[in-house]
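Asks: Sequence and predicted model, in that order:
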Amino acid sequence: MKGLIAKKVGMTQVFDENGNLTPVTVIQVEPNTVVATKTKEANGYNAVVLGFDDVKESRVSKPYKGLFPENVAPKRHLKEFRDFEKEVAVGDKIGLELFEKTSFLDVTATSKGKGFQGVMKRWGFHGGRASHGSKFHREAGGTGNSTTPGHCLKNVKMAGRMGGERVTVQNLKIVKIDTELNVIMVRGAVPGTKNCTLIVKSAVKK
């Protein structure tokens, strides 16, 4: 598996040679630093720990600072990637060149929080008639038994807090890689707000 920690810049559009418009999400990929490596002999599995976004040493605790070798500055974000395909050593920097021969990506992020929502927005319920005289417009309807045991059943779709969840969008096609700006443009939308942190991996199902 190949993966990096990146940042979402926003969305734009790209025109191909035939003039067809493609909506794309711009992902900025600054070089990630290898903070640690794990081997099957020592840890039971092979993995690489990558760090992203430098932090001042005065702003981190001593236990957190102890995670980093002497030649590596503390990072704001850490992520472990198992079975990393590329041979790396502690202190190495990995950038866009990792995805040069990759066509599709899986992107993971925390989706936008939408607050407390009703069943129509949260689950796509149709609701009742909007006509005059109807007393059933945007309600959920029945949620349990009317008699014994007389309580709501488990896993019934109801109103509640929406968004703010860890979401992975799979098989996003890479439209363009700009090495000068350190950005990847992928077709379609990516979860999360602007400037949020993303986990970008090579597609598992492609």
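Replies: Nice, I can see it.
Asks: Helices of the protein, start to end?
Replies: Ranges of helices in the chain, per DSSP state H, are 40-43, 62-65, 119-123.
Asks: out of those, deepest packed?
Replies: helix 119-123 (a mean of 16; mean count of other CB atoms under 10 Å). In this view, the C-beta of every residue, glycine as well, is placed from N, C-alpha and C.
Asks: Just the C-alphas of it, formatted as PDB.
Replies: C-alpha atoms of helix 119-123 as PDB (Å, rounded to 0.1, in the frame of the first residue of the first chain):
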ATOM      1  CA  VAL A 119     -35.000  12.300   9.200                       C
ATOM      2  CA  MET A 120     -35.700  13.900   5.800                       C
ATOM      3  CA  LYS A 121     -32.300  15.500   5.600                       C
ATOM      4  CA  ARG A 122     -30.400  12.900   7.600                       C
ATOM      5  CA  TRP A 123     -31.800   9.700   6.000                       C
END
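Asks: Can I get the helices of the chain in a markdown table including distance to residue 55 and mean pLDDT?
Replies: What follows is the helices of the chain, written out as a markdown table (distance: least, CB to CB, whole Å; pLDDT from 0 to 100):
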| stretch | distance to residue 55 | mean pLDDT |
| --- | --- | --- |
| helix 40-43 | 25 | 91 |
| helix 62-65 | 9 | 93 |
| helix 119-123 | 37 | 96 |
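Asks: I'd like to know which of those is closest to residue 98.
Replies: helix 40-43 (22.2 Å; CB to CB).
Asks: Could you list the alpha-carbon positions for the closest one in CSV?
Replies: C-alpha atoms of helix 40-43 as CSV (Å, rounded to 0.1, in the frame of the first residue of the first chain):
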residue,chain,number,x,y,z
LYS,A,40,7.6,-8.1,11.5
GLU,A,41,10.5,-9.4,13.6
ALA,A,42,10.2,-6.6,16.2
ASN,A,43,6.6,-5.5,16.1
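Asks: Just list the residues touching residue 40, thanks.
Replies: For residue 40, the contact set (CB atoms under 8 Å, 6 or more residues apart in numbering) comprises residue 46.
Asks: now the one 5 residues further on
Replies: With CB under 8 Å, 6+ apart as the criterion, the residues that contact residue 45 are 38, 82-83.
Asks: Alright, that wraps it up for me.
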